[in-house]
Structure formats: structure tokens, C-alpha cells
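In: Okay, structure incoming, though there's no sequence with it:
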């Protein structure tokens, strides 16, 4: 275990004609599957449903490879994923393993933490405050 939280976001497409049933199956998710998700080490897990069946999922874990391996060998997860597979468009394999991963490009807490040391240095040395190489200039702003 790395000790550092990994944030995972993914996207799937729910068949538009099955959206109501998909939502019903998740209201609530069966207790045995909830327990398996937690036992795998996933937390802060959310699913968001957009127009046309666009489904975006997000969770946090300390070891995503271990969480994936746990769920891959879980009979409970295998049964759940087999039940869920028909709900998705353009999917080959289990939904939990075939979802399209999204790349994180921004996380507020990380950037604030990274900015704190330079903000402290700028306060201690005002002459350096205006010389930051990472500050956008007129020529680099979109």
C-alpha cells in the first residue's frame, strides 16, 4: 500500500431505454455488493448520471491495483457486474474493468498544498513575488 490516496474517475454509457431500471438497481445497491466495494479498499465512491445515459464514476483508494484484483476475484462482484453489463453501450467485458478511465488534470487540494511553500517564500521575499516562472503572462494566457 502506497499510503497516498489515488483518485479514480471513469466513464460509461447507460443504454437510454434502461436508465430508469439502472437507477432503480442503485437505489440502493445490494448490501453484499456495498460490503465488497468497501472490502476492496474503495471509498468516497459516487456515480453521476448525465444526459443521454452518460455515467461518470469516482472513487478513492490507497491501492487501485489491489482493489481491482480483489473485485476481479470476488464472486459477489462478478455476479453484480454480470447483472450490470447489459445496461451499458459499447462495452466489452465487465463494466468495472472495461470502463474508460478519465485523466485528472486538476485537484484543488494538491495545488493548494504545492502552492503553500512558494506563497510563504514570496511573503518572506517580496522582490521574488513578481518573478514566479509559473505565473501566467499576457502572452501565455488563453
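Out: Perfect, I can see it now. Nothing here was measured: the structure is a model prediction, and the numbers come from that model. Residues are numbered from 1 along each chain as shown.
In: How are the strands of the chain distributed by residue range?
Out: Assigned by DSSP state E, the chain shows strands spanning 6-13, 43-49, 54-61, 100-102.
In: what's around residue 57, how many residues?
Out: Neighbourhood size, residue 57 [other Cβ atoms under 10 Å]: 17. Backbone N, C-alpha and C define where each C-beta goes, glycine included.
In: mind listing what it touches?
Out: Residues in contact with residue 57, defined by Cβ atoms under 8 Å, 6 or more residues apart in numbering, are 9-12, 45-48, 99.
In: Nearest the middle, which residue of this protein would you pick?
Out: residue 9 (2.3 Å; Cα atoms, centre = their mean).
In: so who does the closest residue to residue 72 other than its chain neighbours touch?
Out: Counting by Cβ to Cβ, 6 or more residues apart in numbering, residue 72 lies nearest to residue 97, which is 6.8 Å off, once chain neighbours are set aside. Neighbouring residues of residue 97 by Cβ under 8 Å, 6+ apart: 68, 72, 81.
In: if I look at residue 97, how far off is residue 27?
Out: Relative to residue 27, residue 97 is positioned 24 Å away (Cβ to Cβ, to the nearest Å).
In: Correct me if wrong: the residue nearest to the centre of the chain contacts residue 100.
Out: No: the criterion here is Cβ atoms under 8 Å, and residue 9 misses it with residue 100 at 9.8 Å.
In: Just put the contacts of residue 97 in CSV and tack on neighbour count, distance to residue 22 and pLDDT.
Out: Putting the contacts of residue 97 into CSV (neighbours: other Cβ atoms under 10 Å; distance: Cβ to Cβ, whole Å; pLDDT from 0 to 100) gives the following:
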residue, neighbour count, distance to residue 22, pLDDT
68, 17, 22, 96
72, 14, 22, 96
81, 19, 13, 97
